[in-house]
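> compute the structure for the input listed below.
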Amino acid sequence: MNIQKKAVDLTDLAVGILVLGMLVSIGSVILIGIRDSRLTSLATEEIVNEVIIPDDTGTEFAGSYFINVTECYNKTTAGNVPIAPTGNYTISTSGAVGIITNTSATYSASFDKGNGWYCNYSTYNTTRADWTLPDNASIGLGEYGNWFKIIVIVGVAAVILSLIFMAFGKGRTGESGVGGSY
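Next up, the predicted model:
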């Protein structure tokens, strides 16, 4: 009596994992697009008198989703003497964070470096639900992306094992399946 052993076919699992991964990736891109399209419609808020000690390599502001700097003052005068013109510093962004860089050649002579500057700047208020919901969802999907790599590796290993089992699982009862009679 010939009884053939069948290996478990895991191809459907592999295809399912790939389809799930593509759907999650597309969903994440859509959520990030929805979130970003709402950014400029958010209310702005003014951060007042944040103490910054800028240097020539750049110092980040604490507030995220930075818009612009209104003005910076010498801290020792508590806002009475602006550090103007803006040629004393440059503003750049890295992601959603503003960075101020000192460009003044007379920084230590004109300003009190030890105490820093007061800076006033604007940011977007990202506490509204139409911003936080897609933001939190896209962060969660990003974490799923880390797990997705593991799932894909395990799925590929399962497919390889199923191919091995299908190739060697066709022998007759009592035979090893390798080099068996045909």
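
> run the chain-centre distance for the longest helix along the chain.
Among the segments of the chain that qualify as a helix by DSSP state H, the longest is helix 129-168. Helix 129-168 sits 17 Å away from the centroid of its parent chain (Cα atoms, centre = their mean, to the nearest Å).

> list the buried residues for it?
Using 16 or more other Cβ atoms under 10 Å as the test for burial, helix 129-168 gives W131, P134, D135, A137, S138, L141, F148, G155, A158, V159, S162, F165. To be clear about C-beta, it is placed using only N, CA and C from the backbone, and glycine gets the same treatment.

> tell me which residues of stretch 33-46 come out buried.
Of all the residues in stretch 33-46, those buried under the rule 16+ other Cβ under 10 Å are I34, R35, R38, L42, E45.

> distance of the third one from D12?
It stands for R38. For R38, the distance to D12 equals 39 Å [Cβ to Cβ, to the nearest Å].

> ok, the last one next?
Relative to D12, E45 is positioned 52 Å away (criterion: Cβ to Cβ).

> what do you get for the fourth one?
Noted for L42: a distance of 44 Å to D12, by Cβ to Cβ.

> using JSON lines, lay out the buried residues of stretch 33-46 together with secondary structure, distance to G27 and pLDDT.
Below are the buried residues of stretch 33-46 laid out as JSON lines (DSSP: H, G, I helix; E, B strand; the rest coil; distance: Cβ to Cβ, whole Å; pLDDT from 0 to 100):
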{"residue": "I34", "secondary structure": "helix", "distance to G27": "10", "pLDDT": "83"}
{"residue": "R35", "secondary structure": "helix", "distance to G27": "12", "pLDDT": "83"}
{"residue": "R38", "secondary structure": "coil", "distance to G27": "17", "pLDDT": "82"}
{"residue": "L42", "secondary structure": "coil", "distance to G27": "23", "pLDDT": "86"}
{"residue": "E45", "secondary structure": "strand", "distance to G27": "30", "pLDDT": "89"}
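
> nice, that's everything, thank you.
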